[in-house]
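Student: test case, fold it:
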Amino acid sequence: MVSSLPTIMEIRQATAADLDAMWDIFQSVIAAGDALPFPDDFDRGTFQSHWFGAQTSYVAAAGSDVLGMYKFGANYPGLGAHVASATYLVRPAAQGRGIGRALVQHSLAQAQSDGFLAMQFNYVVSSNAPAVELYKKLGFTIAGTLPKAFRHGQLGLVDAYVMYRFLQPQDT
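Tutor: Have a look, this model is predicted:
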């Protein structure tokens, strides 16, 4: 049975005080070898600059317990800056409780508020069925398939998807 969201969960901008919890989540997701293209030896300093650099990071927290996180910003600078992108991670022990959905919905609202016209995910591992299905339910479509682009820890080479969603209705 899937339990519900923690009764008191907030999504807020990450701070330096969240770094240890965020690093722990990142390491546990990387160790699973089934969702992110980062290597096992991705170091903490690189992680910190990646998550606290040009993009903004958010955490889902219940009290002092960080349950998940996402980073968000323009997919590309300049002429591509009207399209947002985000990366999401949920603590493995907290998965299946709606935290990922809450993070994606928060990022979509944030992107719309910030004036982005669309959201694009550049690299969604095809075998990560919960993420793919969630994104589809939230209006994303698969815009492209990268054949055998991800080296899955157990399945070997699997496809990765580029997924896309407009944030405003489009004139046809």
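Student: please make it C-alpha for all contacts and neighbour counts, starting now.
Tutor: Fine.
Student: using CSV, write out every CA atom in the helix or strand where Arg165 lies.
Tutor: Take DSSP states H and E as the rule and Arg165 turns out to sit in strand 156-166. Extracted in CSV, the C-alpha atoms of strand 156-166 (Å, rounded to 0.1, in the frame of the first residue of the first chain):
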residue,chain,number,x,y,z
GLY,A,156,22.6,-3.2,-19.4
LEU,A,157,22.0,-0.6,-22.1
VAL,A,158,18.6,1.0,-22.1
ASP,A,159,17.1,4.0,-23.9
ALA,A,160,16.7,7.4,-22.5
TYR,A,161,13.9,9.9,-23.4
VAL,A,162,13.8,13.6,-24.0
MET,A,163,10.4,14.6,-22.6
TYR,A,164,8.7,18.0,-23.2
ARG,A,165,5.6,19.9,-22.0
PHE,A,166,4.3,23.4,-22.8
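Student: go through it and flag the buried ones.
Tutor: Within strand 156-166, the residues that count as buried by 16 or more other CA atoms under 10 Å are Val158, Asp159, Ala160, Tyr161, Val162, Met163, Tyr164, Arg165, Phe166.
Student: want to throw those into TSV with pLDDT and distance to Phe72?
Tutor: Output for these, formatted as TSV (pLDDT from 0 to 100; distance: CA to CA, whole Å):
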residue	pLDDT	distance to Phe72
Val158	97	25
Asp159	97	23
Ala160	97	20
Tyr161	98	18
Val162	98	16
Met163	98	15
Tyr164	98	15
Arg165	97	15
Phe166	97	16
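Student: for these, which one is nearest Asp34?
Tutor: Val158 (9.9 Å; CA to CA).
Student: hey, what's the closest one bridged with?
Tutor: Beta-bridge pairing for Val158 (DSSP bridges): Phe150.
Student: tell me how far the strand holding Arg165 lies from the chain's centre.
Tutor: Centre-to-centre, strand 156-166 and its host chain are 13 Å apart (CA atoms, centre = their mean, to the nearest Å).
Student: noted, bye for now.
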